[in-house]
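Undergrad: how would this look folded up:
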Amino acid sequence: MKIANYTFDAVIVGAGGAGMTASLQLAHSGLKVAVISKVYPTRSHTVSAQGGIAAALGNVHPDDWRWHMFDTVKGSDYLGDQDSIEYMCKMAPDAMYELEHMGMPFSRLENGKIYQRAFGGQTLDYGKGVAQRTCAVADRTGHALLHTLFQNNIKAKTHFFNEWFAIDLVKNAQNKIAGVIALCIETGEIAFFNAKVTIFATGGAGRIFETSTNALINTGDGLGMTLRAGLPLQDIEMWQFHPTGLPGVGILITEAVRGEGGYLINKNGERFMERYAPHAKDLASRDVVSRAIALELRAGNGFNPDGVDYVKLKLDHLSADVINSRLPGIRELAITFAHTDPIVEPIPVTPTCHYMMGGIPTNVHGQVITLGSTDEDQIVEGLYAIGECACVSVHGANRLGSNSLLDLVVFGKAAGLHAGNAIKDGLPLHSINESDIEAACSRVERWNNSKKGEDFRIIRHAMQKVMQNDFGVFRMEEHMVEGLKKLKDLRERLKDAVLTDTSKVFNTARIQALELDNLMDVALMTATAALTRKESRGAHSREDYPKRDDLHWLKHIIVFLNENVKYRPVNMKPNFVDPLKPMERVY
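TA: Coordinates of the predicted model:
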């Protein structure tokens, strides 16, 4: 197959907050950098982040990164690696000032300092009070972050390949990674991007579920490419359901609403979170609030039990000025999609799939890790993963609100720094032959040569329904066993599915078919890991194993595409503070 060939020092797949932070760091180091993005960069899913970025700046009250670390470790239900969490929280203030100096238009306090709001699970003095730690740009923080990074990358002369879809990693005969194969959506052209460093920043895979806050582009492309390269995923059973999505559509209503003083009510008008989290109430961590809502709905306390059941989020007691100045986007979303003006009446909400805590295992520098023959950690030379597609792991079993954007910028920069130094220290550009290219192009050829069979979209819908029903907020072995069987049957059906349109120009059907390959693999790995973990921890809530079991399950689950399951220890050794020992997690 004759294809175009591009050569760069580094190629980054994904132009969200993580990818563009890494590319900016590399470009500033004087390196030749390419960013491949299947959408225009400012449409990357980071743009939808609403609430803010956590950092212990202390602009509203005294704060300390150690308190932030404590909250993050506790929020992770002790599955987070404490060295990585320590690094993230310690670097957070400097990351905010760096963004400010780039021109990010933070909302301001009256004294001119960066505005900070309360957020679920963020506390003062090791849990003794509610912290205002989340830096924000009204309720459009991700939008501001993405545009700031894009503008700075343009200035730094980063090379963007917009509306290109990465298909697979290219490995040579020595099993060394030489870059990626990608397809231009506009023309159908296929090209090989040869690079010394390949960085995955492809975001989450929330479209494995039927109802999700995730954009349609969140299809786990980096995870699929990683699995097909013989590398594993870590803790992929851990999926966070955000407590407040709009019923039926899944659109996110940010936690910032509760941070500004909003609260949840059931059909009786009762503020029910006081029963489930007496201290933190509506600002408990997301897994706690999501399960509380699910239990209220199960008890018949929802507003629409015969349709899409929901509770309501009340903020009409806040002034119109507060809503219009601090939550303008939320008001617009509620009016447009729920036909509800929050100034006048509460917003209907229900839990919806939101965030993937697991992903491609990495170290604190973003280097991808696999397991050797004796289950020891092995670094994959020249391959990095950052952002939601990576599992560093700072989020463990449950991510705290406003830690996701922080993850992007802290580890995006860390990966850029490390990769830049590795390139300058002589990391080689690996050569490949035609058979290596053909192997990486095999998926495209399979779909192009499909002649007859089942419509792949039918299979996609069936997969999403299985995940929603059997691997959602609550999980049980008998349902998961049946669900895994269904997923394996769907994977077999997918092998014979057909792509009826094989045209080249803007063929979105081909892209969706290629995305479904990735989604199916992530769904199967999620199901395998969820069945394996026989306890309840964070977002993984099993009704047949309702207790956390630190003796047997305080460890990372590693899964490979062949469904081989292994384990890695949780890092309990931070570098600058004493380890945080597991304790009962109450809010």
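Undergrad: Residues in contact with stretch 361-379: which ones?
TA: 22, 83-84, 87, 199-200, 226, 230-234, 360, 380, 383-386, 390-393, 411, 414-415, 417-419, 556, 558, 566-568 (Cβ atoms under 8 Å, 6 or more residues apart in numbering). Where you see a C-beta, it was placed from the backbone N, CA and C, and this is true even at glycine.
Undergrad: do stretch 298-306 as well
TA: In contact with stretch 298-306 (Cβ under 8 Å, 6+ apart) are residues 247, 266-268, 270, 272, 296-297, 309-312, 348.
Undergrad: in which helix or strand would I find residue 198?
TA: Taking DSSP states H and E as the criterion, residue 198 maps to strand 190-200.
Undergrad: send the alpha carbons of the next helix or strand after that strand over as PDB?
TA: Per DSSP H and E, the first helix or strand lying C-terminal to strand 190-200 is helix 221-228. The C-alpha trace of helix 221-228 is given here as PDB (Å, rounded to 0.1, in the frame of the first residue of the first chain):
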ATOM      1  CA  ASP A 221      -9.500   5.300  20.400                       C
ATOM      2  CA  GLY A 222      -6.300   5.400  22.300                       C
ATOM      3  CA  LEU A 223      -7.400   2.500  24.500                       C
ATOM      4  CA  GLY A 224      -8.300   0.400  21.400                       C
ATOM      5  CA  MET A 225      -4.900   1.100  19.800                       C
ATOM      6  CA  THR A 226      -3.100   0.200  23.000                       C
ATOM      7  CA  LEU A 227      -5.000  -3.100  23.400                       C
ATOM      8  CA  ARG A 228      -4.400  -4.200  19.800                       C
END
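Undergrad: Let me know the angle separating helix 221-228 from strand 190-200.
TA: 90 degrees (axes from the mean of the first three to the mean of the last three Cα atoms, to 10 degrees).
Undergrad: Could I get the buried residue list for the longest helix along the chain?
TA: Identified as the longest helix of the chain according to DSSP state H is helix 508-532. For helix 508-532, the neighbour count (16 or more other Cβ atoms under 10 Å) marks 509-531 as buried.
Undergrad: Tell me which residue is most central in this structure.
TA: Nearest to the mean C-alpha position of the chain, by Cα atoms, centre = their mean, lies residue 388 at 3.1 Å.
Undergrad: pLDDT at it, what is it?
TA: At residue 388, the model reports a pLDDT of 98.
Undergrad: I'd say it and residue 359 touch.
TA: Yes. Look at residue 388 against residue 359 with Cβ atoms under 8 Å: they come within range, at 6.7 Å.
Undergrad: just for the stretch 151-300 of the chain, where's the confidence low?
TA: Of all residues in the stretch 151-300 of the chain, none has pLDDT under 70.
Undergrad: So which residues of it form helices?
TA: Secondary structure of the stretch 151-300 of the chain (DSSP state H, counting those that start in this stretch): helices located at 221-228, 256-259, 273-276, 286-298.
Undergrad: and of those, who's closest to residue 141?
TA: helix 256-259 (8.7 Å; Cβ to Cβ).
Undergrad: Now the closest one: buried residues?
TA: Applying 16+ other Cβ under 10 Å to helix 256-259 flags 256, 257, 258, 259 as buried.
Undergrad: now swap in stretch 433-452 and tell me
TA: So for stretch 433-452, counting by 16+ other Cβ under 10 Å, buried means 436, 437, 439, 440, 441, 443, 444, 447, 450.
Undergrad: Count the residues that sit near residue 251.
TA: Per other Cβ atoms under 10 Å, the neighbour tally for residue 251 reads 18.
Undergrad: what's around residue 279, how many residues?
TA: If we define neighbours as other Cβ under 10 Å, then residue 279 has 14 of them.
Undergrad: from what I can see it touches residue 130, true?
TA: No. Between residue 279 and residue 130 there is no contact under Cβ under 8 Å: 9.4 Å.
Undergrad: Which secondary structure elements does the helix or strand containing residue 413 sit against?
TA: Assigned by DSSP H and E, residue 413 belongs to helix 404-424. On a contact count with 3 or more Cβ pairs under 8 Å, 6 or more residues apart in numbering; DSSP states H and E, helix 404-424 meets strand 4-13, helix 17-28, strand 53-54, helix 82-102, helix 141-155, strand 190-200, strand 377-385.
Undergrad: so where's the chain shaky on pLDDT?
TA: 1.
Undergrad: again, only this time at 50
TA: By pLDDT under 50, the chain has no low-scoring segment.
Undergrad: Tell me if residue 50 really is in a strand.
TA: No. Counting by DSSP: H, G, I helix; E, B strand; the rest coil, residue 50 falls outside a strand, being coil.
Undergrad: Count the neighbours of it for me.
TA: Residue 50 has 25 nearby residues by other Cβ under 10 Å.
Undergrad: In this structure it contacts residue 329, no?
TA: Yes. Here residue 50 reaches residue 329: they are 6.5 Å apart, a contact under Cβ under 8 Å.
Undergrad: so what sits against both of those two?
TA: With Cβ under 8 Å, 6+ apart as the test, residue 50 and residue 329 both reach 139, 140.
Undergrad: re earlier: starting at the chain centroid, how far to the helix holding residue 413?
TA: Offset of helix 404-424 from its chain centre (Cα atoms, centre = their mean, to the nearest Å): 17 Å.
Undergrad: got it, and stretch 371-381?
TA: 24 Å.
Undergrad: how about the helix or strand that contains residue 481: buried residues?
TA: Here residue 481, judged by DSSP H and E, is contained in helix 477-495. Residues of helix 477-495 classed as buried by neighbour count (16+ other Cβ under 10 Å): 479, 480, 483, 484, 486, 487, 490, 491, 493, 494.
Undergrad: out of everything not next to it in sequence, what's closest to the fourth one?
TA: Of all residues beyond its chain neighbours, the one nearest residue 484 is residue 527 (4.4 Å), with distances taken as Cβ to Cβ, 6 or more residues apart in numbering.
Undergrad: quick one: contacts for that neighbour?
TA: Taking Cβ under 8 Å, 6+ apart as the test, what residue 527 contacts is 467, 470, 471, 480, 483, 484, 487.
Undergrad: ok, so what distance separates it from residue 486?
TA: 9 Å (Cβ to Cβ, to the nearest Å).
Undergrad: Mind listing the shared neighbours of those two?
TA: Joint contacts of residue 527 and residue 486 (Cβ under 8 Å, 6+ apart) are residue 470.
Undergrad: tell me how far the ends of stretch 566-576 are from each other?
TA: 30 Å (Cα to Cα, to the nearest Å).
Undergrad: residues making contact with it?
TA: Contacts of stretch 566-576 (Cβ under 8 Å, 6+ apart): 69, 78-86, 90, 232, 234, 361, 371, 375, 377, 396, 554-560, 579-580.
Undergrad: Now the buried members of those residues.
TA: 69, 78-86, 90, 232, 234, 361, 371, 396, 554, 556-560, 580.
Undergrad: tell me the strands in the stretch 251-400 of the chain, going along the chain?
TA: Along the stretch 251-400 of the chain, counting by DSSP state E, counting those that start in this stretch, strands occupy 263-265, 311-314, 347-356, 360-361, 367-371, 377-385, 390-391.
Undergrad: Determine which stretch of these is the most buried.
TA: Using mean count of other Cβ atoms under 10 Å, the stretch among those with the largest mean neighbour count is strand 390-391, at a mean of 30.
Undergrad: Quickly run through the sheet partners of that one, with directions.
TA: strand 360-361 (parallel) (DSSP bridges).
Undergrad: Show me how far the strand it pairs with is from its chain's centre.
TA: That offset, for strand 360-361, works out to 12 Å (Cα atoms, centre = their mean).
Undergrad: The closest residue to residue 103 other than its chain neighbours: how many residues sit nearby?
TA: Once flanking residues are discounted, residue 103 sits nearest to residue 148: 5.7 Å by Cβ to Cβ, 6+ apart. By other Cβ under 10 Å, the residues close to residue 148 number 19.
Undergrad: for the one 10 residues further on, same thing?
TA: When counting by other Cβ under 10 Å, one arrives at 24 neighbours for residue 158.
Undergrad: Run through the residues that contact it.
TA: 20, 23, 24, 27, 33, 34, 35.
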